[in-house]
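Novice: Give me the fold of what follows.
(one chain, ligands or ions: 1)
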Amino acid sequence: MWIDTHCHLDASEFDADRAAVASAARDAQVSRIVIPAVARFNFSAVRELAHCVDGGAYVLGIHPLYAPAAQDEDLAVLRSEIHASLDDPRFVGIGEIGLDFFVPGLDAVRQREIYTAQLKMAREFDLPVICHVRKSQDSVIAELRRFNVVRGIAHAFNGSFQQADAYIAQGFKLGFGGNVTFERARRIRQLAAQLPLDALVVETDAPDIAPEWIYKGRNTPDQVPRIAAVIAAMRSLTLPQLALCTTANAHAALPRLALAQR
Ligand SMILES: [Zn+2]
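Specialist: Numbers count the residues shown, from 1 in each chain. Below is the predicted model:
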């Protein structure tokens, strides 16, 4: 089995054929799909979707791109939604949260306030986090250390080996997806090939980060095994070996995922 640890299945790109996309993933042995929230407006959508998709799971949080517009009240709503979701086996953590210093014009101070407020919730409820990290590797990890958040995933990892080691030392797994399929993505491919096997999880970030063979098209969760085949080949592993390891890693990063109902 495979786990897509990051898939925005609620995105409007899937409005026309969401059920078919989910069942194609199922047919491709992708038996779990983790759907991250991005802001208050989609908390209920990701929860409902996680419940109606076979193997669906969700995390709740405020994405850094939505942080500048987020109100303090949104944090209060998030906290109460998290609290209300603790008995829901399909709820597996806090995300998508983090810092984005790549997109110009995003208020960095507000991003950090929203990010750290959510790290406090991760501590309070003892939940893992799924982090969005763009041009912000060192800041994201520094706050994880400061708030003693010791479990989660750095999604679409694109840092250095040294930064990878820092996340791993903090207890985090690193998410790899469509980027590894591009020959020119040399460092990401080196990371996926050489990092300790127990640090890797696979993801699509669908509908974004499509693999090379559907470049500029829409990415879908059924692509996980084919993306993983690229990683397996680089590491001289069989596909079943990689499936077994990445599944165990995803369960270690998101422990509630191992308990969740299929
Ligand atoms: Zn995302």
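Novice: which sections of this protein are below the confidence cut-off?
Specialist: Applying pLDDT under 70 to the chain flags residues 260-262.
Novice: Run through who's touching the helix ranked longest in it.
Specialist: Longest among the helix segments of the chain by residue count, using DSSP state H, is helix 108-125. Helix 108-125 has contacts (Cβ atoms under 8 Å, 6 or more residues apart in numbering) with 61-62, 64, 67-68, 70, 75, 78-79, 82-83, 86, 93-94, 97-101, 127-129, 139-140, 143-144, 146-149, 152. Heads up, the C-betas are built off the backbone N, CA and C, glycines and all.
Novice: repeat for stretch 74-88
Specialist: 39-40, 43, 47, 60-62, 91, 94, 114, 117-118, 121, 125, 127.
Novice: how about the longest helix of the chain: buried residues?
Specialist: For helix 108-125, a neighbour-count test (16 or more other Cβ atoms under 10 Å) marks 111-112, 114-115, 117-119, 121-122 as buried.
Novice: Same check on stretch 218-231?
Specialist: 219-225, 227-228, 230-231.
Novice: how about Glu143, what does it touch?
Specialist: Neighbour list for Glu143: 112, 115-116, 119 [criterion: Cβ under 8 Å, 6+ apart].
Novice: ditto for Val230
Specialist: Contacts of Val230 by Cβ under 8 Å, 6+ apart are 180-181, 211.
Novice: switch to 7 Å and redo it
Specialist: Contacts for Val230 were tallied using Cβ atoms under 7 Å, 6 or more residues apart in numbering; they are 180-181.
Novice: ditto for Phe172
Specialist: 152-154.
Novice: Could you measure from Leu65 over to Leu254?
Specialist: To Leu254, Leu65 is 22 Å away according to Cβ to Cβ, to the nearest Å.
Novice: Okay, and which of the buried residues of stretch 218-231 map to helices?
Specialist: Judged by DSSP H, the buried residues of stretch 218-231 include 224-225, 227-228, 230-231 as members of helices.
Novice: And Leu65 and Leu254? Which one has more around it.
Specialist: Leu254 (29 against 17; other Cβ atoms under 10 Å).
Novice: Show me what the longest strand belonging to the chain packs onto, helices and strands only.
Specialist: Taking DSSP state E as the criterion, the chain has its longest strand at strand 91-100. Strand 91-100 makes packing contacts with strand 30-36, strand 56-60, helix 108-125, strand 129-134, helix 137-146, helix 255-259 when contacts are defined by 3 or more Cβ pairs under 7 Å, 6 or more residues apart in numbering; DSSP states H and E.
Novice: one more time with 6 Å, if that's ok
Specialist: strand 56-60, helix 108-125, strand 129-134, helix 137-146 (3 or more Cβ pairs under 6 Å, 6 or more residues apart in numbering; DSSP states H and E).
Novice: among these, which is nearest Tyr215?
Specialist: strand 129-134 (20.2 Å; Cβ to Cβ).
Novice: by contact count, what packs against the closest one?
Specialist: Judged by 3+ Cβ pairs under 6 Å, 6+ apart, strand 129-134 is in contact with strand 91-100, strand 152-155.
Novice: helices or strands next to the last one in the packing?
Specialist: So the one you mean is strand 152-155. strand 129-134, strand 172-176.
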